[in-house]
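Have a look at this prediction, sequence included:
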Amino acid sequence: MRRKDREITDPQRIDEIISDCQCCRLGLCDRGRAYIVPLSFGLVREAGRRVFYFHGAKEGRKLDLIRQTGWAGFEMDTHYKLNESEKACGYSARFRSVIGGGRVSIVEAPEEKRAGLEAIMLQNTGRGRWEFSPEMLEAVCVFKLEVEELSCKEHL
């Protein structure tokens, strides 16, 4: 990271910033071109590592690319605010952002699907302990990104 003065390395602080985010943009490679899709997400810590869970339709471009590449980048940000100035080059922005990448795969096991959906609901509603019927689990595709690279930046 070029601006080390803005880098966040404390794992707890990074998780706090992630918890403030409402959208994770997943970046996939489609024949040498970027394919980026905004998604609802949930974060789970497994053996000290971050795992993001997502959900969506059981077919489509996104899933085709996940199956083909097994890797995705991600970006999320929060607390954006424009810092105004009298001069164009004086403008700047306040923000908190997290970027990275990792192995992405489709979740098949019902218990892991349930846990992934639970994490997504917790992230988006602040509430836990949701019920998911077998029919619900069968109707949705859950996939996960196991974070291998991550950087976090804050400019306030």
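Good, I have the coordinates. Numbers count the residues shown, from 1 in each chain.

Skipping adjacent residues, who's closest to the residue positioned nearest the centre of the chain in space?
By C-alpha atoms, centre = their mean, the chain has its centre lying nearest to residue 24, at 3.8 Å. Nearest non-adjacent residue to residue 24, counting by C-beta to C-beta, 6 or more residues apart in numbering: residue 41, 4.1 Å away. Every C-beta, even on glycine, is put in place using the N, C-alpha and C of the backbone.

who touches the one you found in this structure?
Applying C-beta atoms under 8 Å, 6 or more residues apart in numbering, we find residue 41 in contact with 21, 23-24, 52-54, 76, 120, 123.

top of these by neighbour count?
Ranked by neighbour count (other C-beta atoms under 10 Å), these have residue 52 at the top, with 27 neighbours.

what about that residue, distance to residue 89?
Distance, residue 52 to residue 89, using C-beta to C-beta, to the nearest Å: 36 Å.

With residue 24 instead?
For residue 24, the distance to residue 89 - C-beta to C-beta - is 31 Å.

With residue 36 instead?
28 Å.

again, but for residue 62
As defined by C-beta to C-beta, residue 62 lies at a distance of 38 Å from residue 89.

And residue 45, by the same measure?
41 Å.

So for those two, which sits in the more crowded spot?
Per other C-beta under 10 Å, whichever of residue 45 and residue 89 has more neighbours is residue 45, with 10 against 6.

okay, that one: pLDDT?
Looking at residue 45, its pLDDT is 95.

For the helix or strand that contains residue 113, give the mean pLDDT please.
Per DSSP states H and E, residue 113 falls inside helix 110-125. Averaging pLDDT along helix 110-125 yields 97.

Hmm, residue 79 is touching residue 16, no?
No. Using C-beta atoms under 8 Å, residue 79 is not in contact with residue 16, being 11.4 Å away.

if you count what's nearby, which of the two comes out ahead?
The residue with more neighbours, out of residue 79 and residue 16, is residue 79; 15 against 12, by other C-beta under 10 Å.
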